[in-house]
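Engineer: Predicted model and sequence below, questions to follow.
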Amino acid sequence: MAHSGASALFPIFFFACSTHSFGQTPAPKIIFTEDNPDFLELDPFGGVSLFSKSAAETFVHGGTAGGRAAYNFAKHFSIEADYNFMVNNVHTSVTRAFGDQINSFSIDPVYNFASRGSRLRPYITAGVGPSWFSPAKAERAALAVNTSTVFAFNYGGGVKFHLSPHLGLRFDARGSFSPNPTFGLADIPKAHLNGFQSTLGLVFYFRRAHVAAPPTAVAAPKPTLQPLNLGEITGASGQLCQGRVFTLHATTTDPAGHSLAYSWKVNGASVGSNNPDLSFTPNNAGDFQFEVEVSDVADASRVVRVGPKTLAVQDYVLPKISGVTASPNVINITSDAPTGRTAILAADVASSTCGGNLTYKWTVSEGTLTNAAGPSAVFDTASLSFEPGLGQTKTITATVTATDETGHSASQSATLTVNYPALYKRLPDVIFAKNSARVNNCGKRILIEQAAPQAGAAFDIVLVGHISQDEQAALDQRRLLSAAAVLTGGHRLCASLDISQVRICRAGKDQITAFDPGLCGTSNIRATPERRGATVSDADKARRVEVYLVPKGSSILPPAAQNTGPAPADIVKLLGCPQ
């Protein structure tokens, strides 16, 4: 059939829910005691049985009859056994027709919207059980059909109405859902079958055994209770501080064991809640008076007043920093220790008792710190940045912030000085062709355009000469003299430095300093013209002169230039301005 069991049940559910006491007038009560006959119910019924249609088979509308037995084990809940017998003949898609008898059994829990003993009891239910679809005996062999057994789920509801203490009426509407019975026929596909029943029946109520009410006891005279024990206010020992919570406790007890009510007051004003403990946070310093009224919850005339108890609260004082020091407060970076020098930072901080323990945080304007969360920290110069070649002084600001347990803090700073000496500055290496001491155009640009303009009154120029493993032994000296001549030759193609500003050092085949060739470089192939940006081969790199700018009077020299001496003025002068 086109409609389902669920749609047919909607009016029943609406009626059942509307009679329940969801904020509405409760269902009328039958005037019986709790032992009225609602504990066991027997319900014979009859009605109609309908099933949905499918393309393969159709069940003819029929009738049903059966019975139910219910046990009401609680005011709203019961368990029910249900049996019904239905006759719904069958038509199949191949025009076979045969009689069909259905036997169905289920166990169903039931929820009753009205309590046990009500005259009108709407309900809802759902359950599961087996159903046997049995063709008529005479047609089984003729049509080759068999009995089909399926498990069906049923759901629905209805209403029961007391006509008398032992008899009532019951209307029930219920849907079912089960696999489709195939009767052993191949042309009936496996699918699902929806059904609907509407039944009307009688309800027979059976009473449980009556239990006589016990005789009414004569009330004993109310005993005279002892007064409450006075007790005292305890807790909150030691130093009490403004803004810090503390707890008090009332020790009052009742010999009768009754529940007690508590009403606290501080300086005459009500505080806290109905509790023997009071948590209190003073917002100012001074004396505070605490008292509590304790009463019997069952008899308000039994009351005692405990206190007053006076407590002194101390004032809060902010953290105070009396001094911040750096030891040493002047750090001189020297050639033997150019980095990694340290100083100890310390703070003298005082906190009041009410402030509690202190925490610390150190910061510096530049440099690194260790133990930055302690009362003293270590400052390290390792991360300071200085411009090479120039003497510099940096002033470092060190700041400490001390915070107490209340979150209040104080800060103070100190300064220390870091002196950085003038150090040498390296320029690109001048690269030479194999077995040659000629300074090419790239090398001249390094010497004339970079080294000579920066020398002046502040710097001398130190040259360190090298040769490769397969070159002549004295070639490093010739390269040094050629480079010195380019710096001092005075011709328009050379610089005009005084020879006293040029110092030289022969390194020979020693290559302890990393290569740093100029951008234009050179080549062993004579036919290749020299130009800015020409590449430098690995073999070229060892044939070089290192170029340094060293501050005048500085004792800090490059690693490869420890045996530096003045350039020989007479020889350099003879070379003139090399071409």
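Structural biologist: Structure's in. What do you need?
Engineer: isn't Ser322 right next to Ala346, touching?
Structural biologist: No - Ser322 is beyond contact range of Ala346, at 11.5 Å (criterion: CB atoms under 8 Å). No exception for glycine: its C-beta is placed from N, CA and C like everyone else's.
Engineer: Between these two, point out the one with more neighbours.
Structural biologist: Neighbours were counted for Ser322 and for Ala346 using other CB atoms under 10 Å; Ala346 has more, 16 against 9.
Engineer: give me the element that one is part of.
Structural biologist: strand 342-350 (DSSP states H and E).
Engineer: mean confidence score for the helix or strand just after that strand?
Structural biologist: Next along the chain after strand 342-350, taking DSSP H and E as the criterion, comes strand 359-364. Average pLDDT, strand 359-364: 92.
Engineer: same check, this time on stretch 346-356
Structural biologist: On average, the pLDDT along stretch 346-356 is 82.
Engineer: Can you list the residue ranges for strands in the stretch 401-550 of the chain?
Structural biologist: Here the stretch 401-550 of the chain has its strands, by DSSP state E, counting those that start in this stretch, at 409-420, 425-431, 459-466, 502-508, 544-551.
Engineer: Can I get those in CSV including mean pLDDT, mean neighbour count and distance to Asn332?
Structural biologist: Output for the strands of the stretch 401-550 of the chain, formatted as CSV (pLDDT from 0 to 100; neighbours: other CB atoms under 10 Å; distance: least, CB to CB, whole Å):
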stretch, mean pLDDT, mean neighbour count, distance to Asn332
strand 409-420, 89, 17, 5
strand 425-431, 90, 21, 20
strand 459-466, 92, 25, 22
strand 502-508, 91, 20, 26
strand 544-551, 91, 24, 16
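Engineer: Tabulate the ones you listed (JSON lines), appending distance to Leu575.
Structural biologist: Formatted as JSON lines, these follow (distance: least, CB to CB, whole Å):
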{"stretch": "strand 409-420", "distance to Leu575": "38"}
{"stretch": "strand 425-431", "distance to Leu575": "15"}
{"stretch": "strand 459-466", "distance to Leu575": "14"}
{"stretch": "strand 502-508", "distance to Leu575": "12"}
{"stretch": "strand 544-551", "distance to Leu575": "14"}
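Engineer: between these, which gets nearest to Lys190?
Structural biologist: Lys190 sits nearest to strand 409-420 of all the strands of the stretch 401-550 of the chain, at 79.8 Å, using CB to CB.
Engineer: Just list what the closest one packs against, helices and strands only.
Structural biologist: In this structure, strand 409-420 packs against strand 320-327, strand 330-332, strand 342-350, strand 392-403, with contacts taken as 3 or more CB pairs under 8 Å, 6 or more residues apart in numbering; DSSP states H and E.
Engineer: again, only this time at 6 Å
Structural biologist: With contacts defined as 3 or more CB pairs under 6 Å, 6 or more residues apart in numbering; DSSP states H and E, strand 409-420 has these neighbours: strand 320-327, strand 330-332, strand 392-403.
Engineer: and of these, who's closest to Pro165?
Structural biologist: In terms of CB to CB, the element of the helices and strands packed on strand 409-420 nearest to Pro165 is strand 392-403, at 81.3 Å.
Engineer: for the closest one, what is the average pLDDT?
Structural biologist: For strand 392-403, the mean per-residue pLDDT is 90.
Engineer: Quickly run through the sheet partners of that strand, with directions.
Structural biologist: Using DSSP bridges, strand 392-403 pairs in its sheet with strand 359-364 (antiparallel), strand 409-420 (antiparallel).
Engineer: export these to JSON lines and tack on distance to Glu232?
Structural biologist: Shown next, in JSON lines, are these (distance: least, CB to CB, whole Å):
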{"stretch": "strand 359-364", "distance to Glu232": "38"}
{"stretch": "strand 409-420", "distance to Glu232": "40"}
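Engineer: And the strands in the stretch 51-200 of the chain?
Structural biologist: Using DSSP E, counting those that start in this stretch, the strands found in the stretch 51-200 of the chain span residues 57-59, 62-71, 77-87, 90-92, 97-98, 100-112, 120-135, 148-164, 167-179, 192-206.
Engineer: and the third one, which strands flank it?
Structural biologist: Spelled out, that is strand 77-87. strand 62-71 (antiparallel), strand 100-112 (antiparallel).
Engineer: now the angle between strand 167-179 and the shortest one, please.
Structural biologist: To tie it back to what came earlier, the one meant is strand 62-71. Using axes from the mean of the first three to the mean of the last three CA atoms, to 10 degrees, the inter-axis angle of strand 62-71 relative to strand 167-179 is 110 degrees.
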